[in-house]
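Q: Build the 3D model from these lines:
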Amino acid sequence: MFSFFKGNAISTTELQQKLASKPEILDVREKTEFAAGHIPGAKNNPLGKIASYKAKENQPVYVICQSGMRSRQAVKKLKAKGIDAINVKGGMSAWRGEIRGGKL
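A: Below is the predicted model:
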């Protein structure tokens with residue numbers, strides 16, 4: 001089961017190291033979760049609406065949620081659409097970097 005995701009996942013530490021290059025980060029949590037705190041520059045597109053997501057250019061999209069479960073589902077759906085999606089393992093629960101938001 002996990003072999004499908006091999007090479008299609010990175011850690012939160014690896015993502016943090018990529019922030020300087022302004023990668024596309026897609027947060028698939030619900031709007032209230034996103035508003036409570038998210039990675040600066042991340043775009044919110046809840047998992048239930050992932051089918052409507054349009055990727056920019058030809059660059060990878062780093063997908064994050066709270067724990068890594070919803071983002072894994074989102075990556076599978078995005079890859080089926082031909083999008084280079086990469087799961088962020090551990091999600092926001094593992095994120096130790098800067099957070100924006102905190103307001104509902």
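Q: what's the nearest residue to the residue positioned nearest the centre of the chain if we skip its chain neighbours?
A: Nearest residue to the geometric centre of the chain (CA atoms, centre = their mean): residue 63, 1.8 Å. Excluding its sequence neighbours, the residue lying closest to residue 63 (CB to CB, 6 or more residues apart in numbering) is residue 71, at 4.3 Å. C-beta here means a position set from N, CA and C on the backbone, and glycine is covered the same way.
Q: so who does the one you found touch?
A: Residue 71 sits next to 28, 63, 64, 65, 87, 88, 91 when contact means CB atoms under 8 Å, 6 or more residues apart in numbering.
Q: distance between the strand or helix carrying it and the chain's centre?
A: Counting by DSSP states H and E, the element that carries residue 71 is helix 69-80. Here helix 69-80 is found 9 Å from its chain centre; the criterion is CA atoms, centre = their mean, to the nearest Å.
Q: average pLDDT across it?
A: The average pLDDT for helix 69-80 rounds to 96.
Q: What would that helix look like as CSV? C-alpha coordinates only.
A: Presented in CSV, the C-alpha positions along helix 69-80 are these (Å, rounded to 0.1, in the frame of the first residue of the first chain):
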residue,chain,number,x,y,z
MET,A,69,-4.2,11.3,6.3
ARG,A,70,-6.3,13.8,4.2
SER,A,71,-3.3,15.0,2.4
ARG,A,72,-2.5,11.5,1.4
GLN,A,73,-6.0,11.1,-0.1
ALA,A,74,-5.7,14.5,-1.8
VAL,A,75,-2.3,13.5,-3.4
LYS,A,76,-3.9,10.4,-4.8
LYS,A,77,-6.7,12.4,-6.4
LEU,A,78,-4.4,15.2,-7.7
LYS,A,79,-2.0,12.6,-9.2
ALA,A,80,-4.9,11.1,-11.0
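Q: ok, now which ones touch the residue nearest to residue 33 when sequence neighbours are not counted?
A: With sequence-adjacent residues excluded and distances taken as CB to CB, 6+ apart, residue 33 is closest to residue 66, at 6.5 Å. By CB under 8 Å, 6+ apart, the contact set of residue 66 is 29, 33, 91, 92, 93.
Q: List buried members of these by neighbour count.
A: With burial judged by 16 or more other CB atoms under 10 Å, the buried subset of the contacts of residue 66 is 29, 33, 91, 92.
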